[in-house]
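> sequence first, then the predicted structure, then my questions.
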Amino acid sequence: MFRRLLAGATAVLMVGSVAPVTADPAVEVAAGGALQAAVDAAPPGATLRLAPGEHLGPITIRRPLTLAGPRSAVVRSDGRGTTIDVLADDVTLSGFTIHGSGDRPDLTDAAVHVRGDDVRVEGLRIVAALFGVAAERSRRVAVVGNEIVGDPATPVGLRGDGVRLWETHDSRIEGNTLDHGRDVVVWYASNNRVIGNVVRDGRYGTHLMYSDGTTIEDNRYAGNVVGVFIMYSRDVKVRRNLLAYTSDLGMGLGAKDSGGLVVEDNRCVRNETGLYLDGSPFRPEDANVFRGNRFELCETAVVLHSSQVRNTFEDNAFRANREQVRVEGRGDALGVDWKRNYFDDYEGYDFDRDGLGDVPYESRSFSNRAIGKRPELAFFRGTPALGLLDMVGRVFPLFQPSPVLVDPSPRMAPPAVGEGAP
């Protein structure tokens, strides 16, 4: 009998020793309470769940934790400084709304300011804040699925950035919607990803500076002054983005003193300038490749400024642009490698039916030459004065200008889906 009791007791002890440990439940934080006190009292790794209603900010988070809630839970700024300041690693902010921040750009007053590694800012709605999400000197920050809305009544140059990464590496800005902000900034930062965002009615849809190894893919930029601008950066990949409807004198994509760029399958639609290259590539060992892009309904599809060598354009489509390619100042684009591009003003033929023209595409225009040397003459584009210049070149071959570019084997039709831009 004693042995049976002992065996039963041992079994109970063994079962108890392997029973799962129930995790601590989330701590509910009532609206209108002392949010900072709740954050300070939470142990590391805790989850605080905000109840619907208003919670007074600002707050500072100094330990790993999760702060979550529905959109109807609103952390409201008192009008000073940053609303949620994250000074710890392994922090998650999820789901709720942040309303407002301070108004000092010199202090980067933001809805969320991150200075920690492995921080996740996900699914927030941010309104009426100067800066949306700013991260600096951090790693592996994820800014994912947020809605960030600026003030359309404020002049664009006086708004704060929707998202700013400063000296922040191995991070991602993904699946966000940003309206009426200033810029999405990635500066002095490496190996970051900007993926699947919608950026509308701002200044720079995405602005890189000294940010090597950045990937910019599957974004939609519309109504900005500039879609994407890359400065002093190397090995940047720009793929499958829509860059559309930039403002007057704006551009879809620009690059200055940057090299190792791979620009593929993007669509530039109705921009003053589709692509602007200035001093790119900058280093003698670098080259840039532009492949499978579509330039449509632009005033000028491609403008080159000191960028006439070590750039390759292949399998792109140029359609319904007022001007296909312009070289600023004196010079031409004959040093650029043009391969199998489609130009809708090509007047050649394809007797062997291989889909490529049997004679090269050559761009020659007195008026474009004149505008390249004196950009202010663009004001007269479409007038009889500049039209007469081009007519003279066509009627009297003796006066025909030298070509600006030559594509030896132009396409007879735009690349099909899968060969070029989606």
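Right, received. Where do you want to start?
> can you pull the poorly scored residue ranges out of the chain?
1-24, 365-401, 417-422 (pLDDT under 70).
> okay, how far is it across stretch 101-120, tip to tip?
20 Å (Cα to Cα, to the nearest Å).
> wait, I meant stretch 31-39
14 Å.
> who touches that stretch?
Residues outside stretch 31-39 that contact it (Cβ atoms under 8 Å, 6 or more residues apart in numbering) are 27, 29, 48, 50-57, 59-61, 65, 67, 73, 75. Bear in mind the C-beta positions are built from the backbone N, C-alpha and C, glycine included.
> wait, what's in contact with V143?
121, 133, 135, 163, 171-174, 176.
> inside helices: which ones of those residues?
Residues from those lying in helices, with DSSP state H as the criterion: none.
> are any of the residues you listed buried, and which?
Buried by 16 or more other Cβ atoms under 10 Å: 121, 133, 135, 163, 171-174, 176, out of the contacts of V143.
> format the residues you listed as JSON lines; extra columns: distance to N192.
Below are the buried ones among the contacts of V143 laid out as JSON lines (distance: Cβ to Cβ, whole Å):
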{"residue": "V121", "distance to N192": "14"}
{"residue": "V133", "distance to N192": "13"}
{"residue": "A135", "distance to N192": "10"}
{"residue": "V163", "distance to N192": "11"}
{"residue": "S171", "distance to N192": "5"}
{"residue": "R172", "distance to N192": "7"}
{"residue": "I173", "distance to N192": "7"}
{"residue": "E174", "distance to N192": "10"}
{"residue": "N176", "distance to N192": "14"}
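> among those, name the ones in strands.
121, 133, 135, 163, 172-174 (DSSP state E).
> for the residues you listed, which one is nearest A111?
V133 (6.7 Å; Cβ to Cβ).
> I195 - nearest residue in space that isn't next to it in sequence?
Distances taken as Cβ to Cβ, 6 or more residues apart in numbering put E174 closest to I195, at 4.6 Å, once the chain neighbours are dropped.
> any idea how far that neighbour lies from L124?
Between E174 and L124 the computed distance is 14 Å (Cβ to Cβ, to the nearest Å).
> likewise D212?
29 Å.
> neighbour-wise, which of these two wins?
The residue with more neighbours, out of D212 and L124, is L124; 26 against 16, by other Cβ atoms under 10 Å.
> contacting residues for the more buried one?
Residues counted as contacts of L124 (Cβ under 8 Å, 6+ apart) are 93-98, 111-112, 146-147.
> change it to 7 Å
Neighbouring residues of L124 by Cβ atoms under 7 Å, 6 or more residues apart in numbering: 93, 95-98, 146.
> how about R291?
264, 314-315.
> repeat for V194
Counting by Cβ under 7 Å, 6+ apart, V194 makes contact with 173, 184, 186, 206, 214, 216, 219.
> run a quick neighbour tally on the nearest residue to A244 once chain neighbours are set aside.
Excluding its sequence neighbours, the residue lying closest to A244 (Cβ to Cβ, 6+ apart) is V269, at 4.3 Å. Residues lying near V269 (other Cβ under 10 Å) number 19.
> can you tell me how far V269 is from R220?
Per Cβ to Cβ, V269 is found 11 Å from R220.
> and for P105?
27 Å.
> and of the contacts of V194, the nearest to V359?
Taking these together and measuring to V359 by Cβ to Cβ, the closest member is I216, at 36.8 Å.
> what helices or strands is the host helix or strand of the closest one leaning on?
According to DSSP states H and E, I216 maps onto strand 215-217. On a contact count with 3 or more Cβ pairs under 7 Å, 6 or more residues apart in numbering; DSSP states H and E, strand 215-217 meets strand 193-195, strand 237-239.
> need the next SSE after it, C-terminal direction.
Using DSSP H and E, the helix or strand that follows strand 215-217 in sequence is strand 220-222.
> CA atoms of the next helix or strand after that next one as PDB?
As assigned by DSSP H and E, the chain's next helix or strand after strand 220-222 is strand 226-231. Extracted in PDB, the C-alpha atoms of strand 226-231 (Å, rounded to 0.1, in the frame of the first residue of the first chain):
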ATOM      1  CA  VAL A 226      10.200  64.500 -56.000                       C
ATOM      2  CA  GLY A 227       9.400  60.700 -55.900                       C
ATOM      3  CA  VAL A 228      12.800  59.300 -54.900                       C
ATOM      4  CA  PHE A 229      16.100  61.200 -54.700                       C
ATOM      5  CA  ILE A 230      19.400  59.400 -54.000                       C
ATOM      6  CA  MET A 231      22.500  61.400 -52.900                       C
END
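> circling back to that earlier point, let's have the helices and strands packed on strand 215-217 in a markdown table, adding distance to I230.
Below are the helices and strands packed on strand 215-217 laid out as a markdown table (distance: least, Cβ to Cβ, whole Å):
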| stretch | distance to I230 |
| --- | --- |
| strand 193-195 | 11 |
| strand 237-239 | 8 |
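> out of these, nearest to L356?
strand 237-239 (25.0 Å).
> name the helices or strands packed onto the following helix or strand past that closest one?
Counting by DSSP H and E, the element after strand 237-239 in chain order, helix or strand, is strand 242-244. Under the contact criterion of 3+ Cβ pairs under 7 Å, 6+ apart, strand 242-244 touches strand 220-222, strand 267-269.
> of the ones you listed, which is nearest Y245?
strand 220-222 (5.2 Å).
> who's in contact with that closest one?
Strand 220-222 is contacted from outside by 198-200, 205, 227-228, 241-245, using Cβ under 7 Å, 6+ apart.
> paired strands for it, with orientation please.
Partners of strand 220-222 in the sheet, by DSSP bridges, are strand 198-200 (parallel), strand 242-244 (parallel).
> contacts for the first one?
This points to strand 198-200. For strand 198-200, using Cβ under 7 Å, 6+ apart, the contacting residues are 177-179, 184, 205, 219-224.
> how far is it from where the chain is centred?
9 Å (Cα atoms, centre = their mean, to the nearest Å).
> tell me the bridge partners for L178.
Bridge pairing for L178 (DSSP bridges) gives the partners I148, V199.
> the helices in this structure, which residues?
Assigned by DSSP H, the chain shows helices spanning 2-18, 35-41, 366-373, 384-395.
> tell me the buried residues in the second one?
Residues of helix 35-41 classed as buried: 35, 38-39 (neighbour count, 16+ other Cβ under 10 Å).
> so what's H113 up against?
Contacts of H113 by Cβ under 7 Å, 6+ apart are 82, 85-86, 134.
> ok, 8 Å please
Contacts here follow Cβ under 8 Å, 6+ apart; on that basis H113 touches 82, 84-86, 131, 134-136.
> tell me the two of these that are most distant?
Farthest pair in the contacts of H113, by Cβ to Cβ: I84 and E136, 14.7 Å.
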